[in-house]
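> Provided below are the primary sequence and the corresponding predicted coordinates.
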Amino acid sequence: MADGILIIISGPSGVGKGTVCRYLLKLKAALKLSVSTTTRPPRPGEKEGKEYNFTTTSHFKELIDDDSFLEWAVVHDHYYGTRREAVKTLLARGKDLILEIDIQGADQVRKKVHDAVYIFLAPPSMSILEQRITGRGTEDPSRIESRLETARREMEAYHLYDYIVVNDTVEDAAGLISSIIDAERCKVSRGARPPGQGGENN
Ligand code: 5GP
C-alpha cells in the first residue's frame, strides 16, 4: 500500500483555514486532519482532543525536549505543535493527512518531508482579510493589531508553496483543495500505475 499524502495548509491568520479544512473533511471522507497540541486556552465550544490537545507550557516544553514534535511554533504568544508519532502512523496506514499549521511550522516540515504538498490559502483581498480578523470577535482587542501585522507578513510567504488557493467561498476553496489532492494521487512519482503495471484491476 502506498503511503498517505501529507498536505500542509497554511495562510495568514484570519484567512479561514479552519473552516475550509472542516468543509474539506466533509468532501473527502477518508481524509484525516491532524489534531495539534497547544498551550492556548480553549475557546468556547472547543473540546479537548477535537480542535486541539490542550496542555500546559511546561508539558509542551517537555515534549519539545523529548523531540516529540514534527514541527512547533509560537503563534500569538502560545505554543502550537504537531506530534511526530501520530503523523507517521497515519501516513504509514495510507491515510492522506492535513496539517493546518502556520507558516513557521510549514517551513520546518519543508526541511524534513520532501514529498508533502504545500498549499497556501489566500484571502480574496487584503481588505477582506483585515475585516475577517477585526470582526471575528473571539480576540481581545489588544491582540487584533498584532494579528493584523502577522497576517500582512505571512502573506509574503506564498512563493514557498506549491499551490495557492483563494478562499473566496469556503465551498470553492475546499473543492479546489480536494481536486489538488486527487491530482497528487494520480502522479506516477507517487506510485500511481496503470493496470498491468502494478495498478488496480491488474
Ligand atoms: P488558533 O489559535 O486561531 O486556532 O490558531 C492560530 C494559528 O496557529 C493558526 O495560524 C493555525 O494555523 C496555527 N496552528 C495551529 N496548529 C498548529 C500547529 O500544530 N503548528 C503550527 N506551527 N501552527 C499551528
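Alright, I've got the coordinates. Numbering: from 1, shown residues only.

> Once you drop chain neighbours, what's closest to the residue of the chain found nearest the ligand?
Nearest residue of the chain to the ligand (CB to the nearest ligand atom) works out as Gly105 at 2.4 Å. Any C-beta I mention is one placed from the backbone N, CA and C, and that applies to glycine too. With CB to CB, 6 or more residues apart in numbering as the criterion, Gly105 has its nearest non-adjacent residue at 4.2 Å, and that residue is Glu71.

> Just to be sure, the residue of the chain closest to the ligand is in a helix?
Yes. Applying DSSP: H, G, I helix; E, B strand; the rest coil, one finds Gly105 inside a helix.

> List of residues touching the lowest-mean-pLDDT helix or strand in the chain?
Within the chain, no helix or strand scores below helix 141-155, which has a mean of 86 by mean pLDDT, DSSP states H and E. When contacts are defined by CB atoms under 8 Å, 6 or more residues apart in numbering, helix 141-155 is touched by residues 10-15, 75-76, 102-103, 122, 126, 129-130, 133-134, 139.

> Filter those residues down to the ones in strands?
Judged by DSSP state E, the subset of the contacts of helix 141-155 located in strands is Ser10, Val75, Ala122.

> Briefly note if the least confident helix or strand of the chain comes near the ligand.
No. Figure legend: helix 141-155 not in contact with the ligand (CB under 6 Å from any ligand atom); closest approach 8.0 Å.

> Near the ligand, which residues of the protein? Just list them.
Contacts of the chain with the ligand, taken as CB under 6 Å from any ligand atom, map to 13, 17, 36, 40, 71, 73, 75, 80-82, 100-102, 104-105.

> What about the residues you listed, which are in helices?
Under the assignment DSSP state H, the residues of the chain next to the ligand contribute Lys17, Gln104, Gly105 to helices.

> ok, the last one - contacts?
The contact partners of Gly105, taken as CB under 8 Å, 6+ apart, are Ser10, Glu71, Trp72, Ala73, Tyr80, Gly81, Thr82, Leu99.

> Apart from its chain neighbours, what residue comes closest to Thr56?
Thr39 (6.6 Å).

> Actually, Gln104.
Leaving aside its chain neighbours, Gln104 sits nearest to Ala73 (4.0 Å; criterion: CB to CB, 6+ apart).
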